[in-house]
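Student: When you get a sec, could you give me coordinates for this:
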Amino acid sequence: MTRIICAGITTLDFIYQLDAMPVAAVKYRSRHMTTSGGGLAGNAATACVRLGAEVSLIARLGDDPPARTMREELIADGVDCSLVRECPGYRSPVSAVMVDPSGERMVVSYSDPDIPADTDWIPSDLGRRADAIYAETRWIEAAFTVLPQARAAGIPSVLDADRRPTRPEVVALASHVGFSETALRELTGIDDLAAALAHAARDAANVLLVTDGPRGAWFMDGDKVVHAPAFPIKAVDTLGAGDTWHGALAVALAERQPLASAVRFANGAAALKCMQFGGRKGMPQRAELDLLLLGG
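Tutor: Numbers count the residues shown, from 1 in each chain. A predicted model of the protein is given here:
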């Protein structure tokens with residue numbers, strides 16, 4: 001079993017299924033509603049567990065009811081939460097999510113701006129504890145703490161750059177950086193994703209990738225831009241798809257899959273997640289993904 005450490009934010013999501021996205025300040029009725037853990041790192045950790053990895057999560061929570069709910073769900077999913085720090089007197093991250101009939105989502109999130117960002121409590125031997133390390137940009141201090149440990153240990157690392165980093169130098173620390181389409185366009189000023197990726201990778205010593213929703217993903221193979229098409233599905237809920245993709249990429253890299261296979265593996269996991277409502281609840285088990293990959 002591969003071992004993965006995920007560091008970043010975890011949230012509690014209140015997810016509402018609507019007939020249409022809100023367009024005015026009036027009352028709307030939801031057809032279905034559920035609560036689920038969310039957040040980039042929390043979701044990636046769960047995705048990794050369901051795909052067969054042993055996972056530890058590094059995160060910060062308050063000492064409130066959402067923290068207890070999140071911790072209980074993560075532990076039930078099989079995530080080791082011994083490195084999830086409780087910060088007394090602070091509030092845990094929460095989100096309200098609206099999902100329309102096409103599966104697109106609108107997210108209103110809250111994170112306590114004063115929750116401690118220090119990382120001196122994070123162990124310094126993570127490279128000996130893992131086969132891959134995942135980080136993201138919502139808790140940038142953690143990324144700067146864990147990614148160098150992966151490099152020093154010679155193991156792969158994945159940075160989920162779902163938004164343009166506040167400290168762009170973090171991009172150089174990960175062996176693999178997966179941009180959202182929005183983040184890459186903001187970073188480069190180039191609308192065409194293949195051209196934007198090639199531009200960003202001109203002086204990069206690591207592997208850069210970008211997710212493109214129903215169009216799949218693009219990645220750099222040496223100096224060549226390669227397109228990996230998405231699996232054709234009818235999307236029900238895209239919430240958590242990017243997090244699933246990055247978690248799956250970390251699993252594939254930890255298993256030493258070739259890059260093209262790793263991206264296809266991630267595309268398949270994200271596609272399966274989109275076929276079920278409920279954010280994290282729709283993340284696939286490994287057997288489901290293996291079956292898709294065999295038939296796709």
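Student: did I read that right, L289 in a helix?
Tutor: Yes - under DSSP: H, G, I helix; E, B strand; the rest coil, L289 sits within a helix.
Student: Point out where the chain drops to low pLDDT.
Tutor: By pLDDT under 70, the weakly predicted segments of the chain are 296.
Student: show me where it has strands.
Tutor: Here the chain has its strands, by DSSP state E, at 3-7, 11-17, 32-38, 54-61, 80-86, 94-99, 105-110, 132-136, 157-161, 176-179, 207-211, 217-221, 224-228.
Student: and the fourth one, how far out from the chain's middle?
Tutor: Computed by C-alpha atoms, centre = their mean, to the nearest Å, the separation of strand 54-61 from the middle of its chain amounts to 13 Å.
Student: again with stretch 167-183
Tutor: 13 Å.
Student: Can you give me the end-to-end span of that stretch?
Tutor: Across its full length, stretch 167-183 reaches 13 Å end to end, with C-alpha to C-alpha, to the nearest Å as the criterion.
Student: Buried ones in it, by neighbour count?
Tutor: Judged by neighbour count (16 or more other C-beta atoms under 10 Å), stretch 167-183 contains these buried residues: V170, V171, L173, A174, S175, H176, V177, G178, F179, S180, E181, A183. Where C-beta positions appear, they are placed from N, C-alpha and C, glycine not excepted.
Student: residues in contact with that stretch?
Tutor: 135, 137, 140, 143-144, 147-148, 150-151, 156-165, 187, 193, 197, 200, 204-213, 217, 242, 245-246, 249, 253 (C-beta atoms under 8 Å, 6 or more residues apart in numbering).
Student: make it 7 Å
Tutor: Stretch 167-183 is touched from outside by 137, 140, 143-144, 147-148, 151, 156-165, 193, 206-212, 242, 246, 249, 253, with contacts defined as C-beta atoms under 7 Å, 6 or more residues apart in numbering.
Student: before we move on, what about stretch 259-277?
Tutor: Counting by C-beta under 7 Å, 6+ apart, 17, 32, 47, 51, 99, 103, 207, 209, 216-217, 219, 221, 226, 228, 230-231, 233, 235-238, 240-241, 244-245, 248-249, 252-253, 257, 282-284, 288-289, 292-293, 296 sit against stretch 259-277.
Student: of those, buried ones?
Tutor: Burial by neighbour count, 16+ other C-beta under 10 Å: within these this picks out 17, 47, 51, 99, 103, 207, 209, 216-217, 219, 226, 228, 230-231, 235-238, 240-241, 244-245, 248-249, 252-253, 257, 282-284, 288-289, 292.
Student: how about the nearest residue to the spatially most central residue of the chain, chain neighbours excluded?
Tutor: Nearest to the mean C-alpha position of the chain, by C-alpha atoms, centre = their mean, lies D243 at 2.5 Å. Once flanking residues are discounted, D243 sits nearest to N43: 3.4 Å by C-beta to C-beta, 6 or more residues apart in numbering.
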